[in-house]
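J.: Got a predicted structure plus its sequence, pasted below:
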Amino acid sequence: PPPPRAWALTYSVMALLQRHGLQYRFDSAAVSMATPTVDWVALASILVEKASSQDEFTRITAIKWIKEFVEQASGQLVGLYPELIGAVLPNISHLNKDIQQVSKEANAALLNLQPVADLPVKVDVAPVLAIISRELRSEQEPTRLEALRWIHFLLVRNEDEVFGQLATLLAALLDALASDSERVVLQALSVLGSIAGHQQHFRRVLMSLLDRFRGDAGLILLQKGGPLVIRRLCAAMGPEVVFREFASILDAEQDLSFASTMVQALNLILLTAGEVRELRDSLREAASSSNGTTNFTALYSCWSHSAGALLSLCLLAQVYSHCCDIIQNLSTLPLGAEVLVQIDRLVQLLETPAFAFLRLQLLQPSRHPDLLRAMYGLLMLLPQSSAFKTLAARLNAVPAVTLMQLESMQQQAGSHKSSKQQPQPQQQQHWADFDSLLRSFVARQQDHAVEEERRRLVIEGLRIEEDIQKEHMQQAIAAAVENSGRSSADGAVSIGGAIPAADGSPAPAASDGIASGALV
């Protein structure tokens, strides 16, 4: 039988209904609306409180009554929606299956908001979103999924009000992206895609996403779920729009280290993700397609944050002569460990399917001499690491005879090449100002070199400060030990002055003897 507390709740609600002159029949949901002066909010407030009862039967009974009330008077209860949602959503993840079921039914009733007197009911979005954002950070997957469902509901019914609370909403959605549940991540991405679909909010969504990737925790999120998030955005919005907007934001980024990290992550997605194939194909046709040219120039400045990423972009666009210029300029810049790591990654990417066309072009040195020069330039920049061996093995697979004849073929290129077979270097200049692009790359890399040097000095300064602090601590310890030794010696003298004489009388202290001698 139900416990007394559950009966007490039921009787209290029934008593209130009778007080208002209502007829009720709980199992058939036939609550009469004959009395228009019912204080539904007061009735429902009791149920909200009891919906978190430790007694499971009391909780089930309260949630059932919430469902019945909402079905009968949702318009009158709209002001209590934050509390009702806050009472129902956590119970959707309750361990008791019966509580889960009645909570889902109550939630469905809340979502089915009926008009009052044929007029649409407006929900006060701010407090509702505050509750939903709280539940979106729950550890329970069913609760988080229903919270995301509520956001979709509010976007459809109260779009302007939701966008007025966009800062709160984005914070909760971005937290959901770090969930271990793939369903939660995909649903959160769907909501983000709906928001980003509005042009006025698209840039703000991407900027909020980039901010979430900052710091050590952000880097972990970027490595763990960043590619999936960006790929889903590309699938929803189109890769060209997403990448060009990211490039526009990161091009003005003041944190050069963060910009470089993000560009490398975006470049990896560009070269490997199926959702970005359309953008890759357009970049390969950059010399002959206006859309490809626009995409190339839009990404170039931002991609200059990473020498390896920029080289891969230029190799993808088949501007091999410009690649040679970049490599030549790299030799005049500080070639730090970070740049070498980026070139190492580039060599690994050259083995991916995205560059299959490039590897085949190595067999046509007469048509692509600058490609061979660029590959050997990369080889000369690399230390003799695993990447060096990989690239050397690839180049050694090219027939040696053609390599020996490369210089003569370059001299005879004018008579053996047709304009249809290969764009000439001067033709490349027609679709992009490569001299200006190269200058921007050199300037950007010089900024990175200055920033890297500043970080190095900061780290060294911290180390020097730590060494100084250690030295001061050691000196303080030595001084404390020395003072302790002196105190012990003074104590020994004091104790020695109290040693009794041979006849049993106390021996005079040294100071007393000196004083006596002085008197004599």
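T.: Thanks, I have the structure now. This structure is a prediction, so every number in the text was calculated from the model and none was measured.

J.: contacts and neighbour counts: CA atoms only from here.
T.: Fine.

J.: wait, L270 sits on S282?
T.: No. Taking contacts as Cα atoms under 8 Å, L270 lies outside contact range of S282: 11.7 Å.

J.: So which bits of stretch 345-355 are buried?
T.: 345-347, 349-350, 354-355 (16 or more other Cα atoms under 10 Å).

J.: Tell me which of these fall in helices.
T.: When DSSP state H is applied, the buried residues of stretch 345-355 are split such that 345-347, 349 fall in helices.

J.: Among these, which one lies nearest to R231?
T.: L349 (18.3 Å; Cα to Cα).

J.: Look at the closest one and report its pLDDT.
T.: Model confidence at L349, given as pLDDT, is 95.

J.: roughly how far apart are it and S306?
T.: The spacing between L349 and S306, counted by Cα to Cα, to the nearest Å, is 14 Å.

J.: Next: I195.
T.: Using Cα to Cα, I195 is found at 31 Å from S306.

J.: of the two, who's got more company?
T.: Neighbours per residue, other Cα atoms under 10 Å: of I195 and S306, the larger number sits with S306, 27 against 22.

J.: mind checking which helix or strand the residue lying closest to the more buried one once chain neighbours are set aside is in?
T.: In space, and not counting its chain neighbours, S306 is closest to S260: 5.5 Å by Cα to Cα, 6 or more residues apart in numbering. Applying DSSP states H and E as the criterion places S260 in helix 256-272.

J.: elements contacting that helix?
T.: Other helices and strands packing on helix 256-272, by 3 or more Cα pairs under 8 Å, 6 or more residues apart in numbering; DSSP states H and E, are helix 226-237, helix 239-251, helix 277-284, helix 307-316, helix 434-496.

J.: And for it, what's in contact with it?
T.: Here helix 256-272 makes contact (Cα atoms under 8 Å, 6 or more residues apart in numbering) with 214, 227, 231, 243, 250-251, 253, 276-277, 279-280, 302-303, 305-306, 309, 349, 352-354, 448, 451.

J.: just the buried members of those residues?
T.: 214, 227, 231, 243, 250-251, 276-277, 279-280, 302-303, 305-306, 309, 349, 354, 448.

J.: In TSV, list the buried residues of stretch 345-355 along with distance to L437.
T.: Formatted as TSV, these follow (distance: Cα to Cα, whole Å):
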residue	distance to L437
R345	23
L346	20
V347	23
L349	23
L350	23
A354	24
F355	23
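
J.: Closest to A106 out of these?
T.: Closest approach between the buried residues of stretch 345-355 and A106, by Cα to Cα: A354, at 51.2 Å.

J.: what's that closest one in contact with, if anything?
T.: Counted by Cα under 8 Å, 6+ apart, A354 has contacts 271-272.

J.: Can you pull the poorly scored residue ranges out of this structure?
T.: For the chain, applying pLDDT under 70 flags the ranges 1-38, 114-121, 400-430, 461-467, 472, 485-520.

J.: For it, which residue occupies the most central location?
T.: Nearest to the geometric centre of the chain sits F213, at 3.3 Å (Cα atoms, centre = their mean).

J.: what about the residue nearest to R232 when sequence neighbours are not counted, which helix or strand?
T.: Spatial nearest neighbour of R232, excluding adjacent residues (Cα to Cα, 6+ apart): L189 at 7.0 Å. Element membership of L189 [criterion: DSSP H and E] is helix 182-196.

J.: What residues of that helix count as buried?
T.: Across helix 182-196, burial judged by 16+ other Cα under 10 Å covers 184-193, 195-196.

J.: As JSON lines, those with distance to S138 would be great.
T.: JSON lines is the format used below for these (distance: Cα to Cα, whole Å):
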{"residue": "V184", "distance to S138": "11"}
{"residue": "V185", "distance to S138": "13"}
{"residue": "L186", "distance to S138": "16"}
{"residue": "Q187", "distance to S138": "15"}
{"residue": "A188", "distance to S138": "14"}
{"residue": "L189", "distance to S138": "17"}
{"residue": "S190", "distance to S138": "19"}
{"residue": "V191", "distance to S138": "17"}
{"residue": "L192", "distance to S138": "19"}
{"residue": "G193", "distance to S138": "22"}
{"residue": "I195", "distance to S138": "22"}
{"residue": "A196", "distance to S138": "24"}
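
J.: quick one: which of these is nearest A479?
T.: Of the buried residues of helix 182-196, the one sitting nearest to A479 (Cα to Cα) turns out to be V185, at 59.8 Å.

J.: quick one: the closest one and S179 touch, right?
T.: Yes. Between V185 and S179 there is a contact at 6.4 Å, judged by Cα under 8 Å.
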